[in-house]
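Novice: Turn this into a structure:
(chains A and B, ligands or ions: 2)
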Amino acid sequence: MMDKSISLKKTKAGSTGSKIEAVVYKFCHWNELLLSKIVTLILAVMSILIIYQVFTRYVLSDPSGLSQELLIYLMIWLSFLGSALCFSKGLHLSLPLVFDALSEKHQSWVIVFNAMLSVILSVIIIYGGIHAMEKNIAFTSPMMQVSMSVLQSILVISGFYIILMQLKRLIDTVGINRNTLTTALVMAGIFFVMYLAWGIFQSSALFEYLVDEYLEITSTFLLFGVFFFLLALNVPISVGLAFSGLLALSLQIESQSLMITASEKLFSGLESFGFLALPFFILAGNIMNQGGIARRLIDLAMLLGRKVPGNLWQANVLSNMLFGCLSGSGIAASTAIGGIISPMAREKGYNMAVSTAINAASAPTGMMIPPTGIFIIYSMITGGSASIAAMFLAGYIPGMMMGLSVMIVAYFYAKKLNYKTDDTNYQLWEIGITVWKTVPSLTMVFVIIGGILSGVFTAIEAGGIAVLYSLILSIAYKSLDIKKLPKILFDSALTSSVILFLIACSGLMSWSMTFASIPDAIGEILIGITDNKLLLLLLMNLTLLVVGIFMDMAPALLIFTPIFYPVAMALGIDPVQFGVVIVYNLCMGLITPPVGTVLFVSCSVTGEKITSIVKPLIPIFILQFIGLMLITYFPFFTMYLPTLFGVN
Amino acid sequence: KTYKLASNVPADGPPGLLLQEFAQRVTDETDKRVRIKIFANGTLGGQAQYLQQVQSGVVEMGLINSAMMENIEPSFGVLNLPYIFRTFDEFKMVMDSDLVNKDLFKATKPQGFEVIGFLDNGPRSIYSTKPVASVEDLKGLKLRTMSSPTYIEMLNLMGTSPTPLDFTEIYSAMQQGMIDGGEGGLGALWELKFGEFAKYGVLTEQTRMVDLIIINNRVLDKMGAEDAETVRRLMKEVSEKSYAVIQTEADKSMALAQEKLGVKIVEIDKGPLIESMRPIYEKTLKDPKKGPVLKELLDLQKRSL
Ligand code: NA
Ligand code: NA
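Specialist: Ligands and ions are numbered 1, 2, ... in the order given. Down below sits the predicted model:
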């Protein structure tokens, strides 16, 4: 994945330092093994639980209310423990742009700096976690009736593990020697001086003036200034988000409350049933990968489109649209489909950076093509002015436009790279065999689509069913060695944790933006600039694109719809059209670095660096932007279907 | 000083508008000494999340419904009991009583906050995609409910089959026939277009989930006695106003659901349903925290089991 396998170790064997190092290392290593076993077990239990949930509701007609809540908290525990593990393996996503250009010596400084930053974050989480547990002891979860402090204890546990795992990483990369210790001491001194300086500044008249009179601007500068500074230093994006959020909040909240609030926020940022789709579809994708299931499916798509150059890419886009349409989750689509396509693309010698970009850019189409939860949330924010049924119909054409943009670019890339079309004249029986081989895999699509449409399970539970079905099929195909299952579970758990931890941290940053009223300020500025309808729409779109760079879809939608909606209504725009424009816009944000969940998932699926995906993404992004302008200025694209069916 | 009030309801729905009115009047009548800024739509998080922040004082005020409150202060559970309010008058009488305003609303003080008022939410009933004319027809219906043990037991006692689902999944779950309907305010038939599938709104009126306005303990002290008194008085006025506003709004929505979506609003004999809740009451009376409060409340209503 993102492991750069840096080894700058300079310790000589036999010295006292290395003996201590060996003991510490052994202890860390033992804990890492334990942690690996635990996350594997948690994901296995979760998979069984979600299938059990479908079984009790559909077969027994006696739904288990407990399983849903239990699943959410298991997922939170999984993400915190798994993300601690990722610190030891260096799996957390970062942007190594500047880092790669540094000399070895400077790199080792940066590594020590990053390690210390993670440790400081852990200390904050441990301290805040202990106090949150104390405070929330009387608060019980609705179904399990378990005290919140028991559930939140994971903050403290994972805090300790992050420190241990970070220590192991440090030994692995630079080793504990005199150089490292000196660097660490100097950095600690710098951190301490900065902390003192910040404290003195906070009690100054200037600080009070800035916070009282210019809270929004001060917060914005602090938030983004710190974030970009940390990103440049190759700090994991999640840690960078958390720190910039913390600093911006420190303008308004005193330090003890801040640590508690931040810890609670990291925990609660994941308390949503919707995120469960992620680990299950990642797991299902990994099983299918090993089991050769979807591969047969894609073989068929390739055979049908064999006259188009780069037909694997076209198959990827089509499958993403189909799959995303089912799951309503860009993350699920990009892992499930991307996970299958990428080994094939590698085998066939496709350009992997372009492949990753194509998978990423086409995955969000499923959030536009109904059914999709994001439209339901929008409809709820508008108090039902935009009906869900109308939203669903309005999403079809823009969703397909988004997919088409990717297909066009994929076609030209394939032409440019001289990918051959397949000119073999296949015999009918050859085609027949390919089709026959895909029957069981095709059945899987029918099971999932049919199951959701007939109400046997929800789109999220479909992830669990996909796990079960792909497991059964892989065993039947004898293509999956059951002994490999723990490894698959483990890999899926890590991939999920990286992204879930990132979502939790970006939740903290979004919250700090809201807390400083930054979105309100943006709304006021926009209306202050102009009252020209066309210009205002453009400005709102551009603002949302910028917002989408830093924020995940759901928080951005929740925060900005209420700000822009009244403006749009005053301009006489249909609430349905406006909703589709916002969602389309934020879909584009899912693939823009530094905060783009679908982009991250796609990169971790193929193992490509985020930085190498940016270039191939640009032409796709331009086409999708043209699509955005079309649906913004021509209501036809969104309103045609709702008007045709008389729903509004 | 500006105080933050977190809510997860839309800014322009009836409860949202009532809160805005409250905030505006507080600003005006304290000569801007107390300004209340509302963070609607859950922009500061869900209820469980900002409840923790009101406790620590990071956010000063919040809107928490009585079901959520039960998770932190179990005695509020008596307000959530099915058919604890059999009529609107009974509801109004209890909400105006000292039992609620003096005892219950101050019971959370040790947790770091108190309740200064409430917003009525109207009664919760049952909506169904299948025809319902009598209590018998409810038997076996798969109904969506919140993840709450009380609500699940209540729907079981009504003879239905409760299905806990996320709120955002209701619409598509009805469309796909996963559930036959749900439990909630009938205004949603029009407001959230549930009436596109659920053609029967049955006036079972089993609970009234109120929205409680909570405030951190230290905040009222810091405001000074006079301003704190103004805030309390205005909250009380808004609470009383909420009865009529919510009723009018629900009636309007139900009329629109009937007219535009062809929904049938069905009157039903609540007698057998009220009777069927006896086990919940017996269990609650034995509960060390809820029992005494329930007993007082039943005395107040001059009603016994
Ligand atoms: Na979809
Ligand atoms: Na982005």
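Novice: By mean pLDDT, which helix or strand of chain A comes out lowest?
Specialist: When each helix and strand of chain A is scored by mean pLDDT, DSSP states H and E, helix A:293-304 comes last, with a mean of 71.
Novice: Which is the succeeding secondary structure element to that helix?
Specialist: Sequence-wise, the next helix or strand beyond helix A:293-304 is helix A:311-327, with elements assigned using DSSP states H and E.
Novice: Show me what the following helix or strand past that next one is packed up against.
Specialist: As assigned by DSSP H and E, the chain's next helix or strand after helix A:311-327 is helix A:330-347. Secondary structure elements in contact with helix A:330-347, counted by 3 or more CB pairs under 8 Å, 6 or more residues apart in numbering or on different chains; DSSP states H and E, are helix A:277-291, helix A:293-304, helix A:311-327, helix A:352-362, helix A:365-368, helix A:597-606. C-betas here are computed from N, CA, C, even on glycine.
Novice: could you redo those helices as TSV and give each row distance to chain B and mean neighbour count?
Specialist: As requested, the helices and strands packed on helix A:330-347 are exported to TSV (distance: least, CB to the nearest CB, whole Å; neighbours: other CB atoms under 10 Å in any protein chain shown):
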stretch	distance to chain B	mean neighbour count
helix A:277-291	12	27
helix A:293-304	24	20
helix A:311-327	12	24
helix A:352-362	23	29
helix A:365-368	13	30
helix A:597-606	18	27
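Novice: show me what contacts the residue nearest to B:Gln20 when sequence neighbours are not counted?
Specialist: In space, and not counting its chain neighbours, B:Gln20 is closest to B:Ile38: 6.4 Å by CB to CB, 6 or more residues apart in numbering or on different chains. Each residue near B:Ile38 by CB atoms under 8 Å, 6 or more residues apart in numbering or on different chains is listed here: B:Leu5, B:Ser7, B:Ala11, B:Gly16, B:Leu19, B:Gln20, B:Ala23.
Novice: ok, back up a step: dump the helices and strands packed on helix A:330-347 into TSV; add distance to ligand 2 as well.
Specialist: Shown next, in TSV, are the helices and strands packed on helix A:330-347 (distance: least, CB to the ion, whole Å):
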stretch	distance to ligand 2
helix A:277-291	17
helix A:293-304	27
helix A:311-327	18
helix A:352-362	11
helix A:365-368	14
helix A:597-606	7
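Novice: Quick one, which of those gets closest to B:Pro162.
Specialist: Nearest to B:Pro162 among the helices and strands packed on helix A:330-347 is helix A:277-291; the distance by CB to CB comes to 23.7 Å.
Novice: Does ligand 1 have contacts with the closest one?
Specialist: No: on the criterion CB under 5 Å from the ion, helix A:277-291 is out of touch with ligand 1, staying 11.5 Å away.
Novice: can you give me the angle that helix makes with helix A:311-327?
Specialist: 140 degrees (axes from the mean of the first three to the mean of the last three CA atoms, to 10 degrees).
Novice: quick one, the longest helix seen in chain A and helix A:277-291 angle?
Specialist: The helix spanning the most residues in chain A, taking DSSP state H as the definition, is helix A:16-54. Here helix A:16-54 runs at 100 degrees with respect to helix A:277-291, directions being taken by the same axes, to 10 degrees.
Novice: What are the buried residues along helix A:16-54?
Specialist: Across helix A:16-54, burial judged by 16 or more other CB atoms under 10 Å in any protein chain shown covers A:17-18, A:21, A:24-25, A:28, A:31-32, A:35-36, A:38-40, A:42-44, A:46-47, A:49-51, A:53-54.
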